[in-house]
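K.L.:
Here is a sequence with its predicted model. Questions after.
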Amino acid sequence: MLVVAVVTMAMVVVLSAFNGIDALLDDRFSYLDADIEVIPLNDKVINSEELNVDSILSIGSISSCRKVIEERVFAQYEDKQRIVIIKGVEDGFLHDTALDSMIIEGSAQLSMENSPAAIIGIGVKYDLNLRLFEQLFNPLKVSAVLRGMNLRQSMERALNRKMIPVSGIFSINIDFDSDYIIVPIDFASDLLQYKNEYSKLEIGLHKGENLEDVKQDIQVLLGENFDVKTRYQKNELIYKTNRTEKWATFLIMGLIMLIATFNIIAALTLLINEKRNDIKTLTSMGASASSIKRIFFYAGAMINFIGVSVGLGLGLLFVFLQQKFGLIKLEGGLIDYYPVKIDWVDLAAIFVLVLVCGILSSIAPVQIFTRKYANI
């Protein structure tokens, strides 16, 4: 019973940890990745005249629809330089995405002294050795290659350069922190010399809406010239990797549980051997073979049921304490303690797996040894 309980508890805790990582990924990617994004299939940009934003907003499940310009540019600060991703956003982006809560230095604003300002990832700051306190006098320099221009022919003519001060530093995850700078969409449009054009649409949904259903509605509305992706499809590899690891771990622990249930076989074998005289007595008094087998089968099933129930209870208790008090710390991570989350489907899968293993382990000794001692 103890062995079954301990392995069951371990399965609950481990799967809850994978669920916690999944939830953390979802939370962290939600700051810069919209629920659904629309990108052109046949061109690099979307012309405002080609796509009617109001028609998308008419879908009841959608809460917001924002134009975004996203492109790789050169960033330079004094003698340091590197390629970054510039993301031009409309007013309200910081508040709608809660990115303003991820600012760790400076302030969450895209303007300074009535001029455009940028918010950059902490990785970009370190790579450029940028000093936030002197931005008004020594701003960040960004350069973009103009469409149709060749760098080999003329560096000066092919690049458009602009200066922009940095108002704040954000920290979300390593992917965003090391690459992104957020600027007003008008600044990005001037830098890239877009004329009434943008890179993509980012669409937010009301809470609880089904991403796949809304995605299909948008795809039908826009037709085949646009690619509509959910946040999960955009980061499909990351989410799939975590889920694959989770269920691979579940199968491994299932094998451990199967091995652990051999304790039930051993316990029932000893019990049947100890009660062999009682079995013969009951047989001589007229007890049927099936009734004797049921006695020991129910004993094995009870051991298994109590073990899995106690294990589930202990696992849920541990997860609750981890969520409430952070028993296991996460040093140097994005959060202070290891994330955990209960998924009732996981609990049902664990319960069924343990019961099936327990039933199978109860059948073998009951069938073999009761026949041996009772001659039935």
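P.N.:
Structure received.

K.L.:
rest of the way, CA atoms for contacts and neighbours
P.N.:
Noted.

K.L.:
any idea how far Val14 lies from Ile252?
P.N.:
12 Å (C-alpha to C-alpha, to the nearest Å).

K.L.:
Please say which of those two ends up with more neighbours.
P.N.:
Between Val14 and Ile252, Val14 has the larger neighbour count (other C-alpha atoms under 10 Å), namely 18 against 13.

K.L.:
What strand or helix carries that one?
P.N.:
helix 2-29 (DSSP states H and E).

K.L.:
Partner strands of the helix or strand following that helix and their direction?
P.N.:
Using DSSP H and E, the helix or strand that directly follows helix 2-29 along the chain is strand 36-40. In the sheet, strand 36-40 lines up against strand 200-205 (antiparallel), strand 226-230 (antiparallel) (DSSP bridges).

K.L.:
Please identify which of those is closest to Phe137.
P.N.:
strand 200-205 (33.3 Å; C-alpha to C-alpha).

K.L.:
List of residues touching that closest one?
P.N.:
33-40, 45-46, 61-70, 211 (C-alpha atoms under 8 Å, 6 or more residues apart in numbering).

K.L.:
State the separation between it and the centre of the chain it belongs to.
P.N.:
Distance, stretch centre to chain centre, for strand 200-205: 19 Å (C-alpha atoms, centre = their mean, to the nearest Å).

K.L.:
returning to that earlier point: and the contacts of strand 200-205, which of them are buried?
P.N.:
33-40, 45-46, 61-62, 65-70, 211 (16 or more other C-alpha atoms under 10 Å).

K.L.:
Show me which residues of the helix holding Val14 are buried.
P.N.:
3-22, 24-26, 28-29.

K.L.:
counting contacts, what elements does it pack onto?
P.N.:
helix 236-260, helix 289-325, helix 344-374 (3 or more C-alpha pairs under 8 Å, 6 or more residues apart in numbering; DSSP states H and E).

K.L.:
Mean pLDDT and distance to Ser167 for those helices - can I get that in CSV?
P.N.:
CSV is the format used below for the helices and strands packed on helix 2-29 (pLDDT from 0 to 100; distance: least, C-alpha to C-alpha, whole Å):
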stretch, mean pLDDT, distance to Ser167
helix 236-260, 86, 31
helix 289-325, 90, 34
helix 344-374, 81, 44
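
K.L.:
Output these in CSV; the columns should cover distance to Leu201.
P.N.:
Output for the helices and strands packed on helix 2-29, formatted as CSV (distance: least, C-alpha to C-alpha, whole Å):
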stretch, distance to Leu201
helix 236-260, 19
helix 289-325, 36
helix 344-374, 34
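
K.L.:
for these, which one sits closest to Asn277?
P.N.:
helix 344-374 (8.1 Å).

K.L.:
tell me the angle the closest one makes with helix 2-29.
P.N.:
160 degrees (axes from the mean of the first three to the mean of the last three C-alpha atoms, to 10 degrees).

K.L.:
what about the helices in the stretch 51-200 of the chain?
P.N.:
53-57, 93-96, 122-128, 155-158, 174-177, 185-192 (DSSP state H, counting those that start in this stretch).

K.L.:
Show me what the fifth one is in contact with.
P.N.:
For helix 174-177, the surrounding residues in contact (C-alpha under 8 Å, 6+ apart) are Leu32, Ile120, Gly121, Ile122, Gly123, Val124, Phe170, Ser171.

K.L.:
hmm, 6 Å instead?
P.N.:
Gly121, Ile122, Gly123, Ser171 (C-alpha atoms under 6 Å, 6 or more residues apart in numbering).

K.L.:
Over to the first one?
P.N.:
By C-alpha under 6 Å, 6+ apart, no surrounding residue is in contact with helix 53-57.

K.L.:
tell me which residues in it are buried?
P.N.:
Ile56.

K.L.:
coming back round to it: closest to Leu159 out of the helices and strands packed on helix 2-29?
P.N.:
Nearest of those (C-alpha to C-alpha): helix 236-260, 34.3 Å.

K.L.:
Which neighbouring elements make contact with the closest one?
P.N.:
Applying 3 or more C-alpha pairs under 6 Å, 6 or more residues apart in numbering; DSSP states H and E, one finds that helix 236-260 makes contact with no other helix or strand.

K.L.:
Could you identify the helix or strand that succeeds that helix?
P.N.:
Counting by DSSP H and E, what follows helix 236-260 is helix 262-274.

K.L.:
now the angle between helix 289-325 and that following helix, please.
P.N.:
Using the same axes, to 10 degrees, helix 262-274 lies at 140 degrees relative to helix 289-325.

K.L.:
and after helix 262-274, which helix or strand comes next?
P.N.:
helix 276-284.

K.L.:
tilt between that next one and helix 262-274?
P.N.:
Going by the same axes, to 10 degrees, helix 276-284 makes 70 degrees with helix 262-274.
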